[in-house]
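A.B. asks: next comes the sequence, and after it the predicted model I'd like to discuss.
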Amino acid sequence: MLDDQLQSALTRRTFLRRTSAGLGAAALAALLNPGHVSAAAPGGLGLLGSPHFAPKAKRVIYLFQSGGPSHMDLFDYKPVLQQMHQKDLPKSVMGEQRVTLMTRNQSKFLCVASPFKFAQYGRAGAWMSELLPFTQKIADDICIVKSLHTEPINHDPAVTFMQTGSMVPGRPCMGSWTTYGLGSENADLPGFVVMLSGTGDQPVTPRYYHSGFLPSQFQGVQFQSSGDPVMFLSNPKGIDHENRGRLIDAANKLNAIRRDDLLDPEIQTRIEAFELAYRMQTSVPELTEIQNEPKSVLDLYGDDVKRPGSYAANCLLARRLVERGVRFVQLFHRGWDQHGNLPRDLRRQTRETDQPSAALVMDLKQRGLLEDTLIVWGGEFGRTSYSQGDIRPDSFGRDHHPRCYSVWMAGGGIKGGVVHGSTDDFGYNLAADGVHVNDLHATLLHCLGINHERLTFRFQGRDFRLTDVAGKVVTPLLA
């Protein structure tokens, strides 16, 4: 039975206020068992206590290429486009599909062939562009999905959909769902870490890695590229580590009084966040000292690894994070939105990302971590096979294309040396074995030992999940 204090707190008004604020069943569970919330704290088990079934992956590194990499210039070789270069894309191919406002009023939709050479690599004979010389070396470790498709045609809803399973902002992202379900393996680091790199006009907003209506302890913690790795990690002038500990202890005692009075699980989250921040003052500086890595490892990632905040440096930090027990690491690399000057800008993007991405797979493999670390590489959509604007000998652009595009995965329960799905001769429509974004999410959760239909959170009267009301596990991808 509830004690008298808890019974008095569970008034009808309090209950309705809390459930209407979105805490729902989790808030009620916290009221009935205040220890429930802390059970999913960093360093502890998540909501599930243990996975639904034996997992192949224990952790995830998501290499998100923000802006929409051109699949037909990287992974989806289309010789027909060489024959159709600067000719109208057949209307039978375009059908009644949407195009963006940026190309809708073009008088012509001219096919544009990739200016880059392609060759086949690995057991599956995967086609890859000359822009990916390092990814070519790991062809037998990765699974290339050439038939991913989505609904949104513009960046913000498309990134939101890829991150949260919904085009509507406000839902939890996949990193938050993962740490909510499984918790973290390290009490001194966040369970979910985010790092940004690259340039471009498309912003990466914090709601892409937010916990939405899940308890806020599950949102991503962004590491900075300069100054403190985490904001306010260093003590202010005149405060040493011991004094900071006393301040946090005093603040948390006051917060605990308020928590016991209101029985609000978010106050417990604040207490745990303060305590984690204090422990991170010791754990994070050591983590970020990548200069202590052997020269052979630094050389593997390339010269850019020495530049703080670069994609290469972030890939190496991702490896250091997962080997310390961080559950979910997400890198956002901006600058893939090539509406013009695609040949020049795509070369720049691949120079920055190809070697570090492949190095991460190789590094994890040689440490015995790849088999239980799931890596995902890809963006929010692909690009059109027709040109945006004029086609010049050394320059052209491609518009957004959600109908089909390519991503690759490696490690953690994914079958290496596989190419899954195909597109038509123009790289414009699905030809076989389509994989929806919801299917991708269901498959990632499956690798982590989670049944995507059972990892739910009740909010505003219904049970939500990452895959919403759709999604199926793509079994041909599984090792």
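C.D. replies: Yes, it's here. None of the values given here were measured: they were computed from a predicted structure.

A.B. asks: which residues of the stretch 201-350 of the chain score low on pLDDT?
C.D. replies: The model of the stretch 201-350 of the chain has pLDDT under 70 over residues 227, 231-235, 276-278, 280, 282-283.

A.B. asks: show me where it has its helices.
C.D. replies: Assigned by DSSP state H, counting those that start in this stretch, the helices in the stretch 201-350 of the chain fall at 241-262, 265-287, 295-301, 311-322, 342-366.

A.B. asks: please identify the deepest-packed of the ones you listed.
C.D. replies: Most buried of the helices of the stretch 201-350 of the chain, by mean neighbour count (mean count of other CB atoms under 10 Å): helix 311-322, with a mean of 25. Just so you know, the C-beta spots here come from the backbone N, C-alpha and C atoms, and that holds for glycine as well.

A.B. asks: break the chain into its domains for me.
C.D. replies: 1-26, 34-229+288-477, 236-282 (automatic domain parsing).

A.B. asks: which of those sits most buried?
C.D. replies: Among the domains of the chain, the stretch with the highest mean neighbour count (mean count of other CB under 10 Å) is domain 34-229+288-477, at a mean of 20.

A.B. asks: distance between stretch 87-103 and the chain's centre?
C.D. replies: Averaged C-alpha coordinates place stretch 87-103 at 30 Å from its chain's average position (CA atoms, centre = their mean, to the nearest Å).

A.B. asks: can you tell me what sits against that stretch?
C.D. replies: Residues outside stretch 87-103 that contact it (CB atoms under 8 Å, 6 or more residues apart in numbering): 108-111, 153-154, 339, 384-386, 388, 399-400, 403, 424, 426, 428-429.

A.B. asks: also stretch 345-353?
C.D. replies: Applying CB under 8 Å, 6+ apart, the external contacts of stretch 345-353 come out as 63, 65, 69-70, 73-74, 131-132, 197-198, 304, 310-312, 333, 335-336, 338.

A.B. asks: would you put the C-alpha positions of that stretch in PDB?
C.D. replies: What follows is stretch 345-353, C-alpha atoms only, in PDB (Å, rounded to 0.1, in the frame of the first residue of the first chain):
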ATOM      1  CA  ASP A 345      31.500  20.100 -53.400                       C
ATOM      2  CA  LEU A 346      31.000  16.300 -53.400                       C
ATOM      3  CA  ARG A 347      34.700  15.900 -53.800                       C
ATOM      4  CA  ARG A 348      35.200  18.100 -50.700                       C
ATOM      5  CA  GLN A 349      32.700  16.100 -48.700                       C
ATOM      6  CA  THR A 350      34.100  12.700 -49.500                       C
ATOM      7  CA  ARG A 351      37.700  13.900 -48.800                       C
ATOM      8  CA  GLU A 352      36.500  14.900 -45.300                       C
ATOM      9  CA  THR A 353      34.500  11.800 -44.600                       C
END
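
A.B. asks: what about stretch 85-95, how long is it end to end?
C.D. replies: Taking CA to CA, to the nearest Å, the first and last residues of stretch 85-95 lie 19 Å apart.

A.B. asks: where is the longest strand in the chain?
C.D. replies: Across the chain, the strand with the greatest residue count (assigned by DSSP state E) is strand 382-392.

A.B. asks: so how far is that one off the chain centroid?
C.D. replies: 28 Å.

A.B. asks: what angle separates it from helix 342-366?
C.D. replies: If you take axes from the mean of the first three to the mean of the last three CA atoms, to 10 degrees, strand 382-392 sits at 140 degrees to helix 342-366.

A.B. asks: show me what strand 382-392 is packed up against.
C.D. replies: Counting contacts by 3 or more CB pairs under 8 Å, 6 or more residues apart in numbering; DSSP states H and E, strand 382-392 is packed against strand 395-401, strand 405-410.

A.B. asks: can you give me the mean pLDDT across that strand?
C.D. replies: Mean pLDDT, computed over strand 382-392, is 96.

A.B. asks: ok, stretch 168-180 next?
C.D. replies: What stretch 168-180 shows for mean pLDDT is 96.

A.B. asks: gap between it and the chain center?
C.D. replies: Centroid separation for stretch 168-180 versus its chain: 10 Å, with CA atoms, centre = their mean.

A.B. asks: repeat that for stretch 321-333.
C.D. replies: Put simply, stretch 321-333 sits 10 Å off its chain's centre (CA atoms, centre = their mean).

A.B. asks: ends of that stretch, how far apart?
C.D. replies: Start-to-end span of stretch 321-333 (CA to CA) is 18 Å.

A.B. asks: how about stretch 73-86?
C.D. replies: End-to-end distance for stretch 73-86: 16 Å, by CA to CA.

A.B. asks: which residues are in contact with it?
C.D. replies: Stretch 73-86 has contacts (CB under 8 Å, 6+ apart) with 72, 110-116, 118, 126-129, 131-132, 144, 146, 342, 346, 350, 383, 385, 391, 406, 408, 423, 425-427.

A.B. asks: can you say which of the helices of the stretch 201-350 of the chain is nearest to Gln217?
C.D. replies: Closest to Gln217 of these, according to CB to CB: helix 265-287, at 4.4 Å.

A.B. asks: list the helices and strands the closest one packs on?
C.D. replies: The contact analysis (3+ CB pairs under 8 Å, 6+ apart) places helix 265-287 against helix 24-32, helix 35-39, helix 241-262, helix 311-322.

A.B. asks: turn those into JSON lines, including distance to Val376.
C.D. replies: Below are the helices and strands packed on helix 265-287 laid out as JSON lines (distance: least, CB to CB, whole Å):
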{"stretch": "helix 24-32", "distance to Val376": "28"}
{"stretch": "helix 35-39", "distance to Val376": "28"}
{"stretch": "helix 241-262", "distance to Val376": "36"}
{"stretch": "helix 311-322", "distance to Val376": "12"}
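
A.B. asks: what's the closest of the ones you listed to Gly191?
C.D. replies: Among those, helix 311-322 comes nearest to Gly191, with 10.4 Å by CB to CB.

A.B. asks: what's the angle from the closest one to helix 265-287?
C.D. replies: With the same axes, to 10 degrees defining the directions, helix 311-322 sits at 110 degrees from helix 265-287.

A.B. asks: which helices and strands sit right next to helix 311-322?
C.D. replies: strand 59-66, strand 192-198, helix 265-287, helix 295-301, strand 328-334, helix 342-366.

A.B. asks: got the angle between the last one and strand 59-66?
C.D. replies: What it means is helix 342-366. Going by the same axes, to 10 degrees, helix 342-366 is angled at 170 degrees with respect to strand 59-66.

A.B. asks: also the second one?
C.D. replies: The directions of strand 192-198 and strand 59-66 differ by 30 degrees, with the same axes, to 10 degrees as the criterion.

A.B. asks: using CSV, list the CA coordinates for strand 192-198.
C.D. replies: What follows is strand 192-198, C-alpha atoms only, in CSV (Å, rounded to 0.1, in the frame of the first residue of the first chain):
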residue,chain,number,x,y,z
PHE,A,192,23.9,9.4,-25.6
VAL,A,193,26.5,11.7,-27.1
VAL,A,194,26.3,14.0,-30.2
MET,A,195,29.0,15.7,-32.2
LEU,A,196,28.7,18.1,-35.1
SER,A,197,31.1,18.9,-38.0
GLY,A,198,31.1,20.2,-41.5
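
A.B. asks: what is it packed up against?
C.D. replies: helix 174-182, strand 221-223, helix 311-322, strand 328-334, helix 342-366.

A.B. asks: what lines up beside that strand in the sheet?
C.D. replies: Here strand 192-198 is paired, per DSSP bridges, with strand 221-223 (parallel), strand 328-334 (parallel).
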